[in-house]
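Trainee: Structure for the following, please:
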Amino acid sequence: MWSNIDMTFSTRGEESSGERRAPHGVQPLRMHLQRLITLALAFMFVAMGWVGDLNAPWWEAIGLVPQNWWHAITVALMIIPITLRTRRPGLALTLGFLITALDLSIGFNMGILLCLSDLLYSFALRSERRSVRVTMLVLSVFPTAAIGLMFLPSVRADGAVSISLLLFAVLLLPLWWASEVRTGHPIWQESDTREQLEAERHASVLRAQAVKRRAAIEAERRSMARELHDVVSSQVSAIALTSGAVLNAEPDTDRDRAALENVRRTSVEALDQLGEMVRLLRGDAADPDAREDGDEPDRAGEIAGYSRLLESTTWQDVIERARNHGLIVEESGHPPEELSPALHHVLLRVLQESLTNALKYSDGAAVVEVSKRQHRLLLRITSATPRTANEVGLGSGTGLIAMRERVELMGGKFQAKPRADDSKEALPSTESVGSRWVVEADLPLREPR
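Mentor: I've put the predicted structure just below:
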């Protein structure tokens, strides 16, 4: 019985404190295990003969002689209230008392008393405190009455005391123990033991918080890496490609001057976006005069600053920037205007990285397609495969990783791979027909919660 009580204390005590819960699936398994152990012990007591017959007059009146194996029937009936004890503790306890009374009419059965104690403990844990107090008050009458029997001349004092102790252990002790468990402090805990248990619980909470903190830091690091890559990589790549093209060509004043203007414009945009990100990371996006010394940074201001950063670049800006650097872009469709800022930002980043890769590795042309399918939005960027096989690995690989992470965080699907082109249609300014490098982002129109 006490092993069952200890297991229940370890689970229900933690649940009542509200500080932690067992992982999903562990708690139901543990509860079923408790039921099985209680019933198995009850059947084992019957099999071992820890039962007794009662030569009651009602059995003689109907001509029956009680048998020990009858107790197995009442234990089997106990399966019903034991199963209902978590969902309907009051009903389970009522049925348990009726089955116990039926069993005691046959004789003494240690197993049925074990099941009744388990039902009382579960009732005291899950019912209202007032109901528990009333039940404890009513059941205290039985051991008190047993003590009173010892003063009768026809009753042996030691027998009355034994019955009183048994009733106290079976009826009152489970209610008393469960009431203390609900408060979080069992009765006979010494002060040093209580401090030790609280220290262990505190250490467990600290470990859980450390795990969450590490996960949050790792997620923030990945987010920062994606933003820095998207803000800096595409602009720096465009600068490198433009300057490389000019250096490898014959001098031309007008063309070189236009290239330098393009490089300067791209550099200024990169610096502006990088500076905005640095201010966000430093917490300077909010108005410093809006908070007093010692106050927490204004999170609303930071979110507003981040929104301004997201809205600083439009869909057409990304397309025109790629065209200015020499990429021929053919468009088909545009994102809906009612898109949320987060979804719009993901689309822009996927488009920007894909066009940058097309500019670096393909033959200078790409097709951008946007289509809406029920509650989903599909973005597809198609370009020619790299001119040589080893050009696929020229980049660091973080661009594809960043795109995949962004899309999957929004509940979408991402893929980037070569695909055979059987449409017999060449890309703009491309006469060859062959495999294509296709980037697809399939995003839900509603953000995941």
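
Trainee: quick one: the strands in the chain?
Mentor: With DSSP state E as the criterion, the chain has strands at 328-332, 365-373, 376-384, 413-420, 435-444.

Trainee: Can I get those strands in TSV including distance to Trp59 and mean pLDDT?
Mentor: Where you see a C-beta, it was placed from the backbone N, CA and C, and this is true even at glycine. Output for those, formatted as TSV (distance: least, Cβ to Cβ, whole Å; pLDDT from 0 to 100):
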stretch	distance to Trp59	mean pLDDT
strand 328-332	91	89
strand 365-373	77	89
strand 376-384	74	89
strand 413-420	73	84
strand 435-444	72	87
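
Trainee: Redo the ones you listed as JSON lines? Include mean neighbour count.
Mentor: Listed next are the strands of the chain as JSON lines, based on neighbours: other Cβ atoms under 10 Å:
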{"stretch": "strand 328-332", "mean neighbour count": "14"}
{"stretch": "strand 365-373", "mean neighbour count": "17"}
{"stretch": "strand 376-384", "mean neighbour count": "20"}
{"stretch": "strand 413-420", "mean neighbour count": "14"}
{"stretch": "strand 435-444", "mean neighbour count": "20"}
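
Trainee: Just send those back as a markdown table, with distance to Thr94 too.
Mentor: Compiled in a markdown table, the strands of the chain are given as follows (distance: least, Cβ to Cβ, whole Å):
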| stretch | distance to Thr94 |
| --- | --- |
| strand 328-332 | 71 |
| strand 365-373 | 58 |
| strand 376-384 | 54 |
| strand 413-420 | 55 |
| strand 435-444 | 51 |
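
Trainee: Point out the one among the ones you listed that comes closest to Val407.
Mentor: Nearest of the strands of the chain to Val407, taken as Cβ to Cβ: strand 413-420 at 4.0 Å.

Trainee: Against which helices or strands is the longest helix belonging to the chain packed?
Mentor: What stands out as the longest helix in the chain, according to DSSP state H, is helix 191-228. Secondary-structure packing of helix 191-228 (3 or more Cβ pairs under 8 Å, 6 or more residues apart in numbering; DSSP states H and E): helix 253-282, helix 398-409.

Trainee: Among those helices, which comes closest to Arg214?
Mentor: Arg214 lies closest to helix 398-409 among these, at 17.9 Å (Cβ to Cβ).

Trainee: If we go by neighbour counts, what in that closest one is buried?
Mentor: Residues of helix 398-409 classed as buried by neighbour count (16 or more other Cβ atoms under 10 Å): Thr398, Gly399, Leu400, Ala402, Met403, Arg404, Glu405, Arg406, Val407, Leu409.

Trainee: Stretch 340-347 too?
Mentor: Going by neighbour count (16+ other Cβ under 10 Å), the buried part of stretch 340-347 is Leu343, His344, His345, Val346, Leu347.

Trainee: re the thing from before, mind picking the lowest-pLDDT entry from the buried residues of helix 398-409?
Mentor: Within the buried residues of helix 398-409, pLDDT reaches its minimum at Thr398, with 74.

Trainee: quick one on the thing from earlier: relative to Leu175, which of the strands of the chain is closest?
Mentor: Comparison of the strands of the chain against Leu175 by Cβ to Cβ identifies strand 435-444 as nearest, at 52.5 Å.

Trainee: Mind listing residues that contact the closest one?
Mentor: The contact list for strand 435-444 (Cβ atoms under 8 Å, 6 or more residues apart in numbering) reads 343, 346-347, 350, 354, 357-358, 361-362, 375-386, 403, 407, 410-421, 427.

Trainee: mind listing what Gly107 touches?
Mentor: Neighbours of Gly107 in contact, by Cβ under 8 Å, 6+ apart: Val51, Gly52, Asp53, Leu54, Pro66, Asn68, His71.

Trainee: quick one: it from Ser154, how far?
Mentor: With distances taken as Cβ to Cβ, to the nearest Å, Gly107 is found 22 Å from Ser154.

Trainee: same question, Met44
Mentor: On the measure of Cβ to Cβ, Met44 and Ser154 end up 36 Å apart.

Trainee: more crowded one of the two?
Mentor: In this view Met44 and Ser154 are compared by other Cβ atoms under 10 Å, and Met44 has more residues nearby, 13 against 5.

Trainee: shaky segments in the stretch 1-150 of the chain?
Mentor: Residues of the stretch 1-150 of the chain meeting the criterion pLDDT under 70: 1-31, 55-56.

Trainee: What ranges does it have for its helices?
Mentor: With helices called from DSSP state H, counting those that start in this stretch, the stretch 1-150 of the chain shows them at 2-17, 26-47, 57-61, 70-77, 79-84, 89-104, 110-126, 129-139, 141-148.

Trainee: Could you pull up phi and psi at the residue of the chain most remote from its centre?
Mentor: Computed with Cα atoms, centre = their mean, the residue of the chain farthest from its C-alpha average is Pro153, at 67.1 Å. Per-residue torsions, Pro153: phi -70, psi -30 (degrees, to the nearest 10).

Trainee: For Ser164, see how far away it is.
Mentor: Remark: distance between Pro153 and Ser164 (Cβ to Cβ) = 18 Å.

Trainee: same thing with Ala249?
Mentor: 107 Å.

Trainee: Could you do Gly90 as well?
Mentor: In terms of Cβ to Cβ, Gly90 sits 26 Å off from Ser164.

Trainee: When these two are compared, which one has more neighbours?
Mentor: Using other Cβ under 10 Å, the more surrounded residue of Gly90 and Ser164 is Ser164, with 19 against 15.
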